[in-house]
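A.B. asks: Please work out how this folds:
(chains A and B)
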Amino acid sequence: MPLYMTKDEQIETFLTKGVSEILPSKDSVEKDLKNGKVLTIYNGIDPTGPTLHLGHTIQLRKLRQLQDMGHKIVFLIGDFTARIGDPTDKMATRVQLTDKDVKTNLKLYKKQASKFINFSGRNAAKIKFNSKWLGKLKFSDVLELASNMTVDQMLKRDMFKRRMEEEKPIYIHEFMYPLMQGYDSVAMNVDGEIGGNDQLFNMLAGRILLKKIKNKEKFVVTVKLLTDSLGEKMGKTTGNMVSLLDTPIDMYRKIMNWSDALIVPGFELCTDYTMSEVGLIRQELERGTNPRDIKMKLSYEITKLCSSEKDAEKAQEAFVTIFNKKEVSEEIPEIENKNRTFEDLLVQERIVSSKSELRRLIEGGAVSNFDTKDLLTVDTAKKVIKEGAYKIGKNRFIKII
RNA sequence: GCGUCGGUGGUAGAGUGGUCAAUUACAUCAGACUGUAAAUCUGACGCCUUCGGGCUACGGGGGUUCAAAUCCCUCCCGGCGCACCA
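C.D. replies: Numbering: from 1, shown residues only, chains lettered A, B, ... in the order given. A predicted model of the protein is given here:
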């Protein structure tokens, strides 16, 4: 958020940019933010995969806005809840994670998140793990907690309703999930929570519990989700995500591959552009400016925020070189051939998953020498190729040295 | 516990003895087109292969058969109904 903003502008931005829904209401949260009290707000992430993705950054950036306004923010890692699995958008029951999975996954989280929120300085963000309190609950505590919500409230959830209709199993522990997540709010005694709008139900459970147990009105701000062209969530489970661990060039390329409809939401959700600047982008598109150029700006901005200005520049250059000019860029990964045949090399370096896959790609005319544009044949792939840049499909490139 | 229906590839969902590595749709990958795309069209979509074929797969195990995703037995798991409920 630009530093020149007044406090009121900051609050307005927080309450509107990328926001989907606010509970109990925008007005009441606005009042809370304006009365000068320091609030505690958190965002929880379940460490179900090794990386954070672009969707997470939307929420983290929201937290950052609050941090800049002087509020206390908590980055909660749901190491306990991750083991149960959020039933939110899984049609089937998620495989439970082991302790080890969880530990491995959360290792990198702080590092990734630190691009977006401050973990040091005067008003440092805190990291908390919900196993700390959830792991301590006794069965009697759990029962008491469970007595705060009815089966009917649970069954109102779309997800569960659908599963009932489809005669799919619903396990009791899945009912416990919203309770556990809700208990996080109670244990940390927070004033507010930020999350994606798919998390609304879980966050509401926290509101219910906090109200019943501590008579406190927790506010909930849900942000819009970044969806792909088909309205699918860009998430870990769906596989179409931009990971924060992607190389800058991969990230840049993936964003360029977004459908044009995502340009404006992309600016709103993932960059520091103000709402009026986002409005200008929209106008530019309407005036007929080539969407590609605007999308390049978007890719650049996002890549910059996720790594650095320098990386973004490099990524952009590489993108132009490889995809526009179709020339070899120095960003193409180099691989020593070590006297391996072309197919062995690609399989061993995991560029392709099997020789069969490579054969299909070759037969489909997808593998070519990047300089001469000559298509590779199945026979030459069985030979040792000493050097040269090769293109495998749309976006796999290697330079053999 | 009894009865009944069901468990198929990343997902949904056909197939009920050979022509099934398994129709179809979605997802995925590639080619064409383009503005990087998206949409559209085309093709591919288990692994290995000396390109003849070989191997592994339809919940697990065992069996019948020249031949099983398909039939039988058994075990595991799920839905529904009934029963039980100190």
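A.B. asks: Helix or strand: which one has A:Leu76?
C.D. replies: If you go by DSSP states H and E, A:Leu76 is part of strand A:72-77.
A.B. asks: Quick check: buried residues in that strand?
C.D. replies: Neighbour-count burial for strand A:72-77, counted by 16 or more other CB atoms under 10 Å, picks out A:72-77. For the C-beta atoms, the positions are set from N, CA and C on the backbone; glycine is no exception.
A.B. asks: Turn these into CSV, columns for pLDDT.
C.D. replies: Formatted as CSV, the buried residues of strand A:72-77 follow (pLDDT from 0 to 100):
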residue, pLDDT
A:Lys72, 95
A:Ile73, 96
A:Val74, 96
A:Phe75, 95
A:Leu76, 94
A:Ile77, 90
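A.B. asks: Closest to A:Val352 out of the residues you listed?
C.D. replies: A:Val352 lies nearest to A:Ile77 out of those, by CB to CB, at 35.2 Å.
A.B. asks: in the sheet, who's paired with the closest one?
C.D. replies: Taking DSSP bridges as the rule, A:Ile77 bridges to A:Ile45, A:Phe129.
A.B. asks: wait, what's in contact with it?
C.D. replies: A:44-47, A:106, A:109, A:127-130 (CB atoms under 8 Å, 6 or more residues apart in numbering).
A.B. asks: One more: A:Glu331?
C.D. replies: Residues in contact with A:Glu331, defined by CB under 8 Å, 6+ apart, are A:249, A:314-315, A:317-318, A:321-322.
A.B. asks: Can you tell me the SS state at it?
C.D. replies: At A:Glu331, secondary structure determined by DSSP: H, G, I helix; E, B strand; the rest coil is coil.
A.B. asks: roughly how far apart are A:Thr150 and RNA strand B?
C.D. replies: Applying CB to the nearest atom of the strand, to the nearest Å, the value for A:Thr150 to RNA strand B is 18 Å.
A.B. asks: Count the residues that sit near that residue.
C.D. replies: 10 (other CB atoms under 10 Å).
A.B. asks: next one: A:Thr222
C.D. replies: 23.
A.B. asks: That one pairs with what?
C.D. replies: With DSSP bridges as the rule, A:Thr222 is bridged to A:Glu21, A:Gly195.
A.B. asks: Quick check, it in contact with A:Asn202.
C.D. replies: No: counting by CB atoms under 8 Å, A:Thr222 does not reach A:Asn202; the two are 10.6 Å apart.
A.B. asks: between these two, what contacts are shared?
C.D. replies: A:Gly195.
A.B. asks: any weak-confidence spans in chain A?
C.D. replies: Where chain A drops to pLDDT under 70, the residues are A:1-4, A:49, A:84-102, A:105, A:227-240.
A.B. asks: how about the residues of the stretch 251-400 of chain A near RNA strand B?
C.D. replies: A:253, A:256-260, A:290-292, A:295, A:323-324, A:347, A:353-357, A:359-361, A:364-366, A:393-396 (CB under 7 Å from any atom of the strand).
A.B. asks: Name the residues of the helix or strand harbouring A:Trp133 that are buried.
C.D. replies: Per DSSP H and E, A:Trp133 falls inside helix A:131-134. For helix A:131-134, the neighbour count (16+ other CB under 10 Å) marks A:131, A:133-134 as buried.
A.B. asks: that older thread, now the contacts of A:Glu331: which count as buried?
C.D. replies: Buried members of those, scored by 16+ other CB under 10 Å, are A:249, A:314-315, A:318, A:321-322.
A.B. asks: Any chance of those residues in TSV with secondary structure as columns?
C.D. replies: Putting the buried ones among the contacts of A:Glu331 into TSV (three-state DSSP) gives the following:
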residue	secondary structure
A:Ile249	helix
A:Lys314	helix
A:Ala315	helix
A:Ala318	helix
A:Thr321	helix
A:Ile322	helix
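A.B. asks: Would you point out the most distant pair within those residues?
C.D. replies: Going by CB to CB, the pair spanning these furthest: A:Lys314 and A:Ile322, at 12.0 Å.
A.B. asks: How many residues are close by A:Ile45?
C.D. replies: A:Ile45 has 20 neighbouring residues, counting by other CB under 10 Å.
A.B. asks: where do the strands sit along the stretch 51-200 of chain A?
C.D. replies: Secondary structure of the stretch 51-200 of chain A, counting by DSSP state E, counting those that start in this stretch: strands at A:72-77, A:126-129, A:192-196.
A.B. asks: Could you tell me the angle between the last one and strand A:72-77?
C.D. replies: This means strand A:192-196. Taking axes from the mean of the first three to the mean of the last three CA atoms, to 10 degrees, one finds strand A:192-196 and strand A:72-77 inclined to each other by 50 degrees.
A.B. asks: rewinding a little: which members of the residues of the stretch 251-400 of chain A next to RNA strand B are classed as buried?
C.D. replies: A:253, A:256, A:258, A:295, A:347, A:359, A:361, A:366, A:396.
A.B. asks: Which ones among those residues lie within helices?
C.D. replies: Among those, DSSP state H puts A:253, A:256, A:295, A:347, A:359, A:361 in helices.
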